[in-house]
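# no sequence for this one, just the structure:
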Ligand SMILES: Nc1ncnc2c1ncn2[C@@H]1O[C@H](COP(=O)(O)OP(=O)(O)O)[C@@H](O)[C@H]1O
Ligand SMILES: [Mg+2]
C-alpha cells in the first residue's frame, strides 16, 4: 500500500510544483507587462536592449537564414526531381522560409544568444545584491530591468525575421540560378507569385511572440536565480532550454491558429 | 515630529526560512539622529534584519515603524514612499557594473527624473569628492576599482539621495585596518553632514565604537543586549563579552552544523 501512496504523493508533488512554477511565471509576465503601460518609462534601457537584441543578432540570424535558404533549394530540387516537379523549388523556399524557418530559426538562435545573456546578467545582478540595490534607490527592478527587455525583444525579433526572410529567399535564389540552372527572372517571378501577405505577416507575428518568450524566460530565470555562480549558470541553461521548447510549442499552436481555417 | 517617536521602531519581528528561524522576536528602537551598531556572529540574521526593514524580505510577523508609520500594514505605494527615506550600503557594494561610476553615484536622482544628465554628472562629482575620490573616477567602470574605492563609491551612491536614514551592512569587512578606519571616518562624516539616523552592522569592535552611539547584539534571533557603544568592551553581558573579546569558550556555541 505504502509504495503506491508514495508514488502517488510524488506525482502529486510534481504536479503541484509544475502548477506553482507556471503560476509564478504568469504573474511575472503580467507584472512585466503592467510596467510597460505605467510611467516612468526607461527609454534608454529599451534602446540599449533593442540594440543588443536586434542589431548584434543580425550576423547570426543572417547567416542562419542564408544557409537555410540554400539548403532548402538544394534539398527540394533533388526531392522534387523524382516527380519532375523541379519548378516548385522557388515556392517551397519562399513559403518555408517566411512561414516557418525564418521565425523559428531566428527565434532559436536569438534564444541561445540573447536569452542566455539576459539570464546571466540578471542572475549576476541578483546574487550580487544589485537588484536589491535598485529597490533601495527607489527604482522598481521589474520596470527598470524586465519591462524594457520584454518590449525590446518583442519588437526586435520581427525586424530580424524580415532580414531572415529576405536572406533566406536570396539563398534559394543563389543556388537556384547559379547551380540548378533556373532562369533568374523566372525564379523571382515564381517566388512573388506564390508568397502571400498572410505568409509573411503570420511569420512576423510568430516572431513577436517568440521574442517575448525569449526575453520572458531569460528575465524570469535570471531574476529568480539563487546560490552564487552555480545558480547563475543553472539559470542561464534553463532560460535557453525553456525558451527553445516554448518557441517550438508555440510555433505549433500559432500555426494551428493561422492556417487551420 | 515629536522627539519621543523613534525614527525606527521594531517589535516582535520574526522571519524563518523553511524550518530555520532566523529572526525570532527582534525588538529595536533607533531614536532620530542617532547611530546604532548591530553586532552578532555570522549568519545570525543581521542582514536579514536590515532587508526586512528595507522591504526586500517580507517578515513572517512583527511590527516595523518608520517615523511612527507601520510599513508592513500600509498600502504598497505609501510603504514604498516611507522606505524611500532609507539609503543602503550593501555588504559587497552592489554597484551596477553595467554603468560607469558617475551614473552609479547619481542613480537615485537620475532614476527619479529629478535632475538632467548634465546636472547629475556635476552632482556625482560633488558626492565623489565627499568620499575622497577625484571626479575623474566617475568615468571608470566599477570593475576597475579596488575594494576600498568600490566601498567609497557605494557610500557616495547611498548618500546622493540625501536619505534621512542610512543602513550600512559590514562597511569595513574585507578592507585593511587603515582603509577600514578611513571608511568609518567617511561614514561618521556623511551621517553628521546629512543629519541622518544610521544603523550599521559590523564585526569589527574598533569600527563599532567609531561609528555607533549605541550598540545592540543579535543572537539566536533576538536582541540580547543593548547599551552605549562605548561600553561594548565591558558590557557585563556574557554573550557580548565573549563576542567582543573573541573567546572560543562561552555562552555562544558556534553552530557549525544546522
Ligand atoms: N533569501 C534567503 N533564503 C534562505 N535563507 C536565507 C536567505 N537570506 C538569508 N538566509 C539565511 O538566514 C541566515 C542569516 O543570514 P544573514 O542575515 O545574511 O546573516 P548575517 O548575520 O551574517 O548577515 C543564514 O543562515 C542564511 O542562510
Ligand atoms: Mg550579512
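Everything's here; your move. Values in this document were obtained by computation on a predicted structure and should not be read as measured data. Residues are numbered from 1 along each chain as shown, chains lettered A, B, ... in the order given. Ligands and ions are numbered 1, 2, ... in the order given.
# show me what counts as buried in the one helix or strand residue A:208 maps to.
Per DSSP states H and E, residue A:208 falls inside helix A:197-223. For helix A:197-223, the neighbour count (16 or more other Cβ atoms under 10 Å in any protein chain shown) marks A:199-200, A:202-223 as buried. C-beta: built from backbone N, CA, C; applies to glycine.
# now look at that helix and say if it contacts ligand 1.
No: Helix A:197-223 is not in contact with ligand 1 by Cβ under 6 Å from any ligand atom; minimum separation 13.7 Å.
# average pLDDT across that helix?
Mean per-residue pLDDT for helix A:197-223: 97.
# and it, what does it pack against?
For helix A:197-223, the contact count by 3 or more Cβ pairs under 8 Å, 6 or more residues apart in numbering or on different chains; DSSP states H and E identifies helix A:2-36, helix A:102-110, helix A:116-127, helix A:147-178, helix A:228-259 as packing neighbours.
# shaky segments in the chain?
All of this is about chain A. For chain A, applying pLDDT under 70 flags the ranges A:1, A:261.
# wrong one, I was asking about chain B
B:1-3, B:254-258.
# what number of residues are in the vicinity of the closest residue in space to residue B:55 that isn't next to it in sequence?
Distances taken as Cβ to Cβ, 6 or more residues apart in numbering or on different chains put residue B:83 closest to residue B:55, at 5.2 Å, once the chain neighbours are dropped. A count of nearby residues for residue B:83, using other Cβ atoms under 10 Å in any protein chain shown, gives 20.
# residues touching residue A:146, list them.
A:28, A:31-32, A:35, A:122, A:219, A:223 (Cβ atoms under 8 Å, 6 or more residues apart in numbering or on different chains).
# whoops, residue B:52 was the one
Neighbours of residue B:52 in contact, by Cβ under 8 Å, 6+ apart: B:13, B:15, B:23, B:58-59, B:64.
# picking up where we left off before, got the angle for the helix holding residue A:208 vs helix A:116-127?
In terms of direction (axes from the mean of the first three to the mean of the last three Cα atoms, to 10 degrees), helix A:197-223 departs from helix A:116-127 by 30 degrees.
# now the contacts of residue B:52 in CSV, with secondary structure?
Output for the contacts of residue B:52, formatted as CSV (DSSP: H, G, I helix; E, B strand; the rest coil):
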residue, secondary structure
B:13, strand
B:15, strand
B:23, strand
B:58, coil
B:59, coil
B:64, strand
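# out of those, which are close to ligand 1?
Counting by Cβ under 6 Å from any ligand atom, no member of the contacts of residue B:52 reaches ligand 1.
# out of these, which end up buried?
Going by neighbour count (16+ other Cβ under 10 Å), the contacts of residue B:52 have B:13, B:15, B:23, B:59, B:64 buried.
# surely the last one touches residue B:70?
Yes: A contact is recorded between residue B:64 and residue B:70 when judged using Cβ atoms under 8 Å, the distance being 6.9 Å.
# now the residue lying closest to residue A:122 once chain neighbours are set aside: how far from chain B?
Excluding the flanking residues, the one nearest residue A:122 by Cβ to Cβ, 6+ apart is residue A:222, at 2.9 Å. Distance of residue A:222 to chain B, given as Cβ to the nearest Cβ, to the nearest Å: 13 Å.
# for residue A:222, give me its contacts.
Contacts of residue A:222 by Cβ under 8 Å, 6+ apart are A:118-123, A:125-126, A:232, A:235-236, A:239.
# mind redoing it with 6 Å?
Applying Cβ atoms under 6 Å, 6 or more residues apart in numbering or on different chains, we find residue A:222 in contact with A:118-119, A:122-123, A:235.
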